[in-house]
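Novice: I would like to see how this sequence folds:
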Amino acid sequence: GWYLSLHRSLDNLQLLRTRIEKELIPEMIRCAEELNDVDLVTMTDDDLIAEVQRRQQLNQHWVNVYWSEFIPFAHGMRLFGQIYNQLMTPEDPYEFVDLLVHSDLASVDRNRQLAELAHQAASHPELAELLQAGHLEGLPADFRSKIDAFIDAYGDLSCTMTGGTHCADDLRPLIKVLLQYASLGQHSSRDRLQEKRVERLDRFLDEYGGGNREKGLELLELARASYRLRDDDNIHLGRIEAQVLAAIQETDRRIGETAGKPQIAGRRKKLQAAIAGSNHLNKPAETVHHATNPSTLLQARQLTGQPAGPGLARGRARVIRQHTDLPDFMNGDILVCDAVDPNMTFVVPLAAAVVERRGGMLIHGAIIAREYGLPCVTGIPDATSLIQTGDTITVDGYLGIVTVHEKNR
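Specialist: This is a model prediction of the structure:
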């Protein structure tokens with residue numbers, strides 16, 4: 001019944017869009033900001049315990065909203081695709097997605113801000129040297145304030161959720177990614193197909209509804225909003241989850257203070273009970289992959305999945321099995337993972353292509369790959385086991401095939 005409920009009519013989707021954009025998203029932003037303004041350090045233990053519970057309840061509320069309202073709105077993309085394919089009968093069944101890109105995704109805006117910081121560092125060799133050496137205290141005040149503002153908005157990239165901080169001991173993930181961005185040339189691929197997109201849009205609008213271009217544009221704008229939310233909702237949800245993590249981290253800090261002090265063992269026990277079952281938020285989430293004995297590993301040659309982003313790319317595979325692998329991602333690597341979550345997308349501009357074990361055309365990895373004009377193949381069983389970091393692979397985003405050339409020894 002729930003799966004059937006995901007297929008909504010155009011009128012229902014329009015009402016849902018209004019509710020999401022005018023009520024739910026602004027409320028989520030206010031919620032994250034209100035939680036961020038709370039001073040956890042000055043709270044009493046009892047108040048902190050109550051705050052942990054309150055934040056967990058708020059987070060669960062928004063998770064429920066995500067499944068009941070945000071996920072059904074994703075049908076706006078499908079509906080547009082169905083109508084587009086019926087009218088245009090394109091050779092590429094995913095051609096319609098090219099009309100949805102450049103929709104001001106939150107993760108793309110985050111990447112743009114990273115690129116601006118990296119450009120500043122690349123333009124001033126002394127900044128790059130300080131970053132490379134890890135001497136953050138020596139950074140000019142204006143540059144450090146920009147980094148701090150980025151962390152306030154998006155976190156330090158060390159956590160699995162947007163806005164999370166201190167899941168690593170230092171700013172190593174953010175600094176390593178910044179240095180990689182500094183070595184990155186200007187992306188022209190995002191604008192490469194713009195002329196074709198304009199032509200496709202004109203042809204579609206002429207065909208839709210007997211030439212009713214206004215109705216066609218209305219359907220397209222709904223689909224673009226659906227496409228945008230498919231990425232943005234996790235950014236907003238991550239910021240709330242990051243505030244749960246902040247309260248848990250403060251609780252953990254106090255538990256550490258009580259270690260070896262039997263006279264306050266009762267306090268320690270009470271604090272531990274408050275976060276029982278919640279510490280998973282403070283650990284990097286491992287992607288799903290099968291443990292394999294290297295001596296009996298199947299030496300795959302061609303792996304077949306779903307074509308999710310057109311193009312061809314050959315390069316070195318970088319398999320991401322957990323969030324802590326991301327800082328080691330290098331410019332030109334091919335991203336291989338279980339599925340790209342929104343807080344992994346900051347490495348996508350560095351990638352030559354994207355390969356995912358699960359998912360289809362409309363998951364986050366496919367969306368962000370299309371935004372950057374990267375070849376993408378999704379739905380390859382055991383991709384993170386059959387491909388190893390260092391393997392040379394070719395990604396064919398037209399046919400949905402990944403070819404493994406040289407195995408990493």
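Novice: okay, CA-based contacts and neighbour counts for the rest of this
Specialist: OK.
Novice: What pLDDT is listed against the spatially most central residue of the chain?
Specialist: Centroid check for the chain by Cα atoms, centre = their mean gives P342 as the closest residue, at 1.1 Å. With respect to pLDDT, P342 has a value of 73.
Novice: residue contacts, I71?
Specialist: The contact partners of I71, by Cα atoms under 8 Å, 6 or more residues apart in numbering, come to L6, R230.
Novice: Now do the SS call for the nearest residue to A153 once chain neighbours are set aside.
Specialist: In this structure, A153 finds its nearest non-sequential neighbour in G163, 6.3 Å apart by Cα to Cα, 6 or more residues apart in numbering. At G163, secondary structure determined by DSSP: H, G, I helix; E, B strand; the rest coil is coil.
Novice: what's the answer for E27, then?
Specialist: With three-state DSSP as the basis, the three-state label of E27 is helix.
Novice: can you count the residues close to it?
Specialist: 13 (other Cα atoms under 10 Å).
Novice: And the strands in this structure?
Specialist: 302-304, 306-309, 312-320, 334-337, 353-356, 376-378, 392-396, 401-406 (DSSP state E).
Novice: Now render those strands as TSV, adding mean neighbour count and mean pLDDT.
Specialist: As requested, those are exported to TSV (neighbours: other Cα atoms under 10 Å; pLDDT from 0 to 100):
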stretch	mean neighbour count	mean pLDDT
strand 302-304	16	92
strand 306-309	28	88
strand 312-320	22	95
strand 334-337	28	95
strand 353-356	31	96
strand 376-378	34	94
strand 392-396	23	96
strand 401-406	19	90
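Novice: Switch those over to TSV; also include distance to I20.
Specialist: As requested, the strands of the chain are exported to TSV (distance: least, Cα to Cα, whole Å):
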stretch	distance to I20
strand 302-304	37
strand 306-309	27
strand 312-320	32
strand 334-337	30
strand 353-356	29
strand 376-378	28
strand 392-396	36
strand 401-406	37
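Novice: Please tell me how far N64 sits from H124.
Specialist: Taking Cα to Cα, to the nearest Å as the measure, N64 falls 47 Å from H124.
Novice: Run a quick neighbour tally on M28.
Specialist: Around M28 there are 19 other residues, counting by other Cα under 10 Å.
Novice: isn't it right up against H236?
Specialist: Yes: counting by Cα atoms under 8 Å, H236 is a contact partner of M28 at 6.6 Å.
Novice: May I ask you to name the longest helix in this protein?
Specialist: helix 213-258 (DSSP state H).
Novice: tell me which strands and helices that helix is in contact with?
Specialist: Contacting helix 213-258 under the criterion 3 or more Cα pairs under 8 Å, 6 or more residues apart in numbering; DSSP states H and E are the following elements: helix 10-19, helix 25-36, helix 45-65, helix 75-88, helix 106-123, helix 194-207, helix 265-274, helix 364-371.
Novice: worst average pLDDT in these?
Specialist: Looking at these, the bottom one is helix 265-274 with a mean of 73.
Novice: Show residues contacting it.
Specialist: For helix 265-274, contacts defined as Cα under 8 Å, 6+ apart pick out D45, I49, V52, Q53, T251, D252, R254, I255, T258, A259.
Novice: Show me how far it is from its chain's centre.
Specialist: Distance of helix 265-274 from the chain centroid (Cα atoms, centre = their mean, to the nearest Å) equals 35 Å.
Novice: tilt between it and helix 213-258?
Specialist: In terms of direction (axes from the mean of the first three to the mean of the last three Cα atoms, to 10 degrees), helix 265-274 departs from helix 213-258 by 160 degrees.
Novice: Next, count neighbours for the closest residue to N85 other than its chain neighbours.
Specialist: Leaving aside its chain neighbours, N85 sits nearest to P93 (6.7 Å; criterion: Cα to Cα, 6+ apart). By the criterion of other Cα under 10 Å, P93 has 14 neighbours.
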